[in-house]
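[1] Quick one, structure for this:
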Amino acid sequence: MRRIPVAAIPVLASVLTSPGVFAADFRALDFNAACDNLPAQEAGLGSKPFDERLPSGFQYAFRARDMDRDVVVAYACKEGHFFRGAYIFAARDEADATALYTALKRRMMREWGAPSYDFASPGHRRKMQSAGAALARSDTQVAFWNGPHSEAHASVAVPSGERGWRVSLSFTAEE
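    Numbers count the residues shown, from 1 in each chain. As a prediction, the model looks like this:
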């Protein structure tokens with residue numbers, strides 16, 4: 001039987017206990033985990049504090065990088081335990097939002113399979129057209145996935161007020 005050299009034990013211990021080594025439900029946390037150490041865990045992943053107004057419904061937010069872009073990473077906690085996380089990307093314009101949404105949707109399809117409901121599907125388009133709705137491209141850039149114990153949601157948000165184009169990918173624990 002091979003033994004681990006004594007000098008390697010501290011390195012191995014730090015690797016096994018560092019954030020991001022084991023897959024979490026969302027970045028630093030598994031669903032229902034305590035949120036009290038979240039800033040330190042996110043810092044360990046290389047993120048920076050988000051010092052602006054928090055995104056609606058979230059108690060923690062950080063600046064990070066994903067998909068070669070800046071992203072706001074947000075966490076929602078209820079009674080001190082994690083239940084929803086989101087990646088919120090700013091986009092330059094509609095074309096940039098569409099390209100980013102398409103890339104996020106492809107990534108989700110690789111990791112989670114086909115969406116459980118896709119607003120771009122022919123069935124959804126027919127349903128909306130039969131109701132008399134005229135669909136803009138952003139109206140069809142919404143998709144949902146059902147995982148074993150959570151739901152994922154990707155969408156494009158059109159500019160509103162002072163906020164520009166935005167693309168988000170969120171993960172919510174099932175109750």
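[2] alpha carbons only for contacts and neighbour counts from here, please
    OK.
[3] Cross-check the contact I'm expecting between residue 72 and residue 61.
    Yes: contact criterion C-alpha atoms under 8 Å: residue 72 and residue 61 qualify, at 6.5 Å.
[4] quick one: common contacting residues for those two?
    Common neighbours of residue 72 and residue 61 (criterion: C-alpha atoms under 8 Å, 6 or more residues apart in numbering): residue 50.
[5] who's more crowded, the two?
    residue 61 (27 against 23; other C-alpha atoms under 10 Å).
[6] How about the contacts made by that one?
    Contacts of residue 61 (C-alpha under 8 Å, 6+ apart): 49-50, 54-55, 72-75.
[7] Most neighbours of all those, which one?
    Counting by other C-alpha under 10 Å, top hit in the contacts of residue 61: residue 73 with 29 neighbours.
[8] Tell me the bridge partners for it.
    Beta-bridge partners for residue 73, by DSSP bridges, are residue 62, residue 87.
[9] Distance check, it against residue 164.
    Distance from residue 73 to residue 164, counting by C-alpha to C-alpha, to the nearest Å: 17 Å.
[10] Now the closest residue to residue 29 other than its chain neighbours: which helix or strand?
    With C-alpha to C-alpha, 6 or more residues apart in numbering as the criterion, residue 29 has its nearest non-adjacent residue at 7.3 Å, and that residue is residue 82. Using DSSP states H and E, residue 82 sits within strand 81-90.
[11] and that strand, average pLDDT?
    For strand 81-90, the mean pLDDT works out to 96.
[12] neighbouring contacts of it?
    26, 29-35, 69-77, 164-173.
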